[in-house]
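1. Mind looking at a prediction? Sequence and model below.
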Amino acid sequence: MIDPIRIALPSKGHLYEGAVDLLKAAGYKVRRASDRQYEATIGGHPRFHVVFMRPTDIVIQVQEGRCHLGVTGMDVFAEHQAEATDAVVVEPDLGYGGCRLVVAVPESWIDVTHMLDLVDLTTEFKAAGKAFRVSTKYGTLTQAHFRRWGIYHYQIIHSEGALELHPTLEIADIIVDLTSSGTTLKDNRLREIEGGKVLDSAACLIGHAPTLRELVAEGDTGPLALLLDGLDGVRASDGQLLLEVAGGPEEGHQAAAVAAYLAQHGAQHVVRGEVWDERGRSCWRVTALVAAGRLTSYQRELMKLGARRVVGLPTRFLFDAEGPPSTFDRLREHLAPHPSR
Ligand SMILES: Nc1ncnc2c1ncn2[C@@H]1O[C@H](COP(=O)(O)OP(=O)(O)OP(=O)(O)O)[C@@H](O)[C@H]1O
Ligand SMILES: O=P(O)(O)OC[C@H]1O[C@H](OP(=O)(O)OP(=O)(O)O)[C@H](O)[C@@H]1O
């Protein structure tokens, strides 16, 4: 039996808080003594042991099986995927840490707006005997992207940070870096070009395949299933309200009209039923799942249709038999030995 189950989380930065918050929402509260402490426990789940590392180290340690699960960036995983043959993606998008890896050029290069312009430019550099230099932390992904556009004459300058400065300091001609709001590129007078998106990334959950097979064998009440089900439930409920619309005692067709209105306006799982008020009179109630941001735009119309009360309750977990297969079931299927054809 795998014990402890070691889960690696980002120690700080863009991916740290989201990981700890998501686990907490799923019922796995990380107990870390201080932000300088690199180990932690999870309240109520003694088999889990948390270690904190940088996103790149998480991919390496999961690949080597020292950590069994890890939260990292999809960008980092994709960059190291070729070496990480024992690491598998359990969940590609945990719903936070979104960013893009992009090709950016100096704003002053007004003639360069598309990847195809780089084909010409890199050829001109080569003809003039100059190296076209690309600064990035993502050499492998950059090379694959440039190859797709037929660009071969350039030199990668590997760098770990503050790449946006490189064109100004003439360390490089262009950069391939992460962006989310776009502020850093803009503030450093750089601009994304068309066709220059290398990758969309988000925080992801990865695991060590041989260990995951053993954990999957503990079945759907084992610790891995419970953790993944918890994360699924939290993510499915994100931004959803459980709406309760109540009316009556007079009946008519109010409940049907309210249910039809909600169904037409994107609500899900619309259910109506009979309830009784404190005086024992028959009333109606409609419940549905709605996007939290839309409730206020519904409520006036619901009142006009006869509702007396509209309540939006936050949801914490959502499990839906008609929803997509669970992460645990997908993983079990993915790791199952397939008979050779
Ligand atoms: N705007 C953003 N800029 C950079 N990274 C982002 C952004 N938004 C989300 N991320 C994610 O955060 C990860 C980087 O996290 P952070 O900067 O905390 O780590 P780091 O210590 O620089 O990483 P490493 O150890 O890999 O150098 C990225 O790989 C990416 O997945
Ligand atoms: O599009 P934006 O929202 O402006 O974010 C992008 C910037 O954020 C990251 O840097 P970070 O602050 O993590 O520092 P780093 O250079 O040390 O990675 C990334 O490398 C970009 O520089």
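-> Arrived safely. Residues are numbered from 1 along each chain as shown. Ligands and ions are numbered 1, 2, ... in the order given.
2. Can you verify my assumption that residue 10 contacts residue 56?
-> No. Look at residue 10 against residue 56 with CB atoms under 8 Å: they stay out of range, at 10.1 Å. From N, CA and C alone the C-beta is placed, and that goes for glycine too.
3. Name all residues that make contact with whichever residue of the stretch 51-200 of the chain sits closest to ligand 1.
-> Nearest residue of the stretch 51-200 of the chain to ligand 1: residue 73, at 2.0 Å (CB to the nearest ligand atom). If a contact means CB atoms under 8 Å, 6 or more residues apart in numbering, then residue 73 has 14, 15, 55, 97, 99, 201, 202, 203, 204 as its contacts.
4. For the residue nearest to the first one when sequence neighbours are not counted, grab the count of nearby residues.
-> In space, not counting the residues next to it along the chain, residue 14 is nearest to residue 97; the distance is 5.8 Å by CB to CB, 6 or more residues apart in numbering. Other residues within reach of residue 97, judged by other CB atoms under 10 Å, total 25.
5. Distance of residue 97 relative to residue 277?
-> 48 Å (CB to CB, to the nearest Å).
6. The strand ranked longest in the chain and ligand 1 in contact?
-> Secondary structure of the chain per DSSP state E: the longest strand is strand 190-201. Yes. Applying CB under 6 Å from any ligand atom, one finds strand 190-201 touching ligand 1 at residue 201.
7. about what we covered before: in a helix, the residue nearest to residue 14, correct?
-> No. Per DSSP: H, G, I helix; E, B strand; the rest coil, residue 97 lies outside any helix segment and is coil.
8. which ones are touching it?
-> Residue 97 sits next to 14, 15, 18, 73, 201, 202, 203 when contact means CB under 8 Å, 6+ apart.
9. so the spatially closest residue to residue 292 that is not a sequence neighbour is in which element?
-> Distance criterion CB to CB, 6+ apart; nearest residue to residue 292, sequence neighbours excluded, is residue 241 at 4.8 Å. When elements are defined using DSSP states H and E, residue 241 is found to belong to strand 240-247.
10. Which positions within that strand qualify as buried?
-> Buried residues in strand 240-247, counting neighbours by 16 or more other CB atoms under 10 Å, are found at 240, 241, 242, 243, 245, 246, 247.
11. returning to what we had before: what residues are shared contacts of residue 10 and residue 56?
-> residue 72.
12. Comparing the two, which residue is more hemmed in?
-> Just comparing residue 10 and residue 56: by other CB under 10 Å the higher neighbour count belongs to residue 10, 25 against 16.
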